[in-house]
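> sequence and predicted structure below; questions after.
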Amino acid sequence: MVVAASLIKAVTDLETERQKGGQLCLSDESVSQRWSIYGFDLSGDMVLRDPHDNSIFGAIFHRKSTGDPPPKFAIAFRGTMLRKATAMEDIVNDCDYIFNGLHESTRVDMGLTAVKILLENVSENGVWLTGHSLGAAIALTIGRTLVLSMNTYLDTYLFNPPIKSLLDCRAGVKVKNSLKSVIIARSDKKIVSMDDIVALSKWIPNLFINEFDWFCNDYVSHFEFIKKMEDSGPAGEEDWTVAMNSLRSLVSNLFGNYSQPSYLIPSAHLTINSRHPAEGSMEAHRLRQWLNSELQQLRHRRYVSFQAN
């Protein structure tokens, strides 16, 4: 947990230094200690920059020693930075996520290309994906795409991954699922592939969420819904359509513009921070809580869909 979070923090620190007008100095110990302490190295050509604003949004860290345990490479993506130099493109990507279009973004494309190049020389258990907030959404989208397009399952560590879409914000779980069922009944289009559900069920990313974080705490109810659905008997296509779609995606489908949300997955290992931050609810979304190796009040839940068997 701390290793993956520290690599994400390193990406944020690199972008912070860039915004200060300094050169990309990877040998600066105040920054490089984030990765070097765990045996990783980082070179300039392994830094991912958004071509629209030249901001650093990700990095590919390389494990220096061949005798070290996996991963050989770790790809980390930072979260949204609401600062002058990064706010516009970060918000554009946030909006892509909200409207189920993140899979078409430049950052996902660059990250996916980088992973594919690594996998030409390294086995899938030699590569990690990790990210926080927007970065978690990017990593999740990449991981999901690799499962469905290449049958490749990467170890993935996602911190405070957002789950709410625009139309889901105000509705409770029962209300949302009831509305979804009504919409599905009015549609004659098949919008979920059981083959995709089976494939995704075998991928078990690690999700780190704070139960007081409004952006990601619905993951608990999402997986609990799937568990109850499967415990009550064999889940059919309509059940999975409800579970794997947002209200927005189903409404869009009625108008012929369907796009399945990449953040809804059937299996995961959840690490839940139950501590209410004294600083306020926004603190529950911050990465720094996961940099504490002695973090208390953690709960662990493993949700593996029956479809994985």
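The structure has been received and is ready for your questions.
> a strand runs through residue 204, doesn't it?
No. Judged by DSSP: H, G, I helix; E, B strand; the rest coil, residue 204 forms no part of a strand; its state is coil.
> contacting residues around the residue nearest to it when sequence neighbours are not counted?
Residue nearest to residue 204 in three dimensions, not counting chain neighbours: residue 267, with 4.9 Å by C-beta to C-beta, 6 or more residues apart in numbering. Just so you know, the C-beta spots here come from the backbone N, C-alpha and C atoms, and that holds for glycine as well. Neighbour list for residue 267: 200, 201, 202, 203, 204, 303, 304, 305, 308 [criterion: C-beta atoms under 8 Å, 6 or more residues apart in numbering].
> go with 6 Å
201, 204, 303, 304, 305 (C-beta atoms under 6 Å, 6 or more residues apart in numbering).
> next SSE downstream of the one helix or strand in the chain whose mean pLDDT sits lowest?
Within the chain, no helix or strand scores below helix 173-185, which has a mean of 60 by mean pLDDT, DSSP states H and E. Downstream of helix 173-185, the first helix or strand assigned by DSSP states H and E is helix 194-201.
> run through the strands of the chain in chain order.
Using DSSP state E, the strands found in the chain span residues 40-41, 47-49, 56-63, 73-77, 127-132, 155-159, 206-210, 268-273, 298-303.
> and stretch 288-307, what's buried?
Neighbour-count burial for stretch 288-307, with 16 or more other C-beta atoms under 10 Å as criterion, is recorded at 289, 290, 291, 303, 304, 305, 306, 307.
> out of those, which is nearest to residue 9?
In terms of C-beta to C-beta, no member of the buried residues of stretch 288-307 lies closer to residue 9 than residue 291, at 6.4 Å.
> isn't that closest one up against residue 4?
No. Assessed by C-beta atoms under 6 Å, residue 291 is found out of contact with residue 4, at 10.2 Å.
> mind listing what the spatially most central residue of the chain touches?
Centroid-nearest residue in the chain, with C-alpha atoms, centre = their mean: residue 136, separated by 2.9 Å. Going by C-beta under 6 Å, 6+ apart, residue 136 touches 158, 159, 161.
> try it again at 8 Å.
Contact partners of residue 136, counting by C-beta under 8 Å, 6+ apart, are 77, 79, 158, 159, 160, 161, 162.
> how much space separates it from residue 232?
Counting by C-beta to C-beta, to the nearest Å, the gap from residue 136 to residue 232 is 30 Å.
> before we move on, back to that, would TSV of the contacts of residue 136 with distance to residue 261 be doable?
TSV is the format used below for the contacts of residue 136 (distance: C-beta to C-beta, whole Å):
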residue	distance to residue 261
77	18
79	19
158	15
159	19
160	17
161	12
162	11
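> a markdown table please, covering those residues and showing distance to residue 34, neighbour count and pLDDT.
Below are these laid out as a markdown table (distance: C-beta to C-beta, whole Å; neighbours: other C-beta atoms under 10 Å; pLDDT from 0 to 100):
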| residue | distance to residue 34 | neighbour count | pLDDT |
| --- | --- | --- | --- |
| 77 | 15 | 28 | 98 |
| 79 | 15 | 25 | 95 |
| 158 | 19 | 29 | 97 |
| 159 | 15 | 29 | 97 |
| 160 | 18 | 29 | 95 |
| 161 | 21 | 29 | 94 |
| 162 | 24 | 24 | 91 |
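> ok, so of those residues, who is nearest residue 104?
Nearest member of the contacts of residue 136 to residue 104, counting by C-beta to C-beta, is residue 77, at 16.4 Å.
> residue ranges with poor pLDDT in the protein?
22-23, 25, 27, 66-68, 164-192, 247-260, 278, 308-309 (pLDDT under 70).
> hmm, 50 instead?
In the predicted model, the chain carries pLDDT under 50 at residues 166-167, 169-171.
> now the helices: where do they sit in it?
Assigned by DSSP state H, the chain shows helices spanning 2-19, 29-36, 87-98, 106-119, 134-150, 173-185, 194-201, 218-231, 237-243, 247-254.
> quick one: distance of the fifth one to the chain centre.
The reference is to helix 134-150. Distance, stretch centre to chain centre, for helix 134-150: 7 Å (C-alpha atoms, centre = their mean, to the nearest Å).
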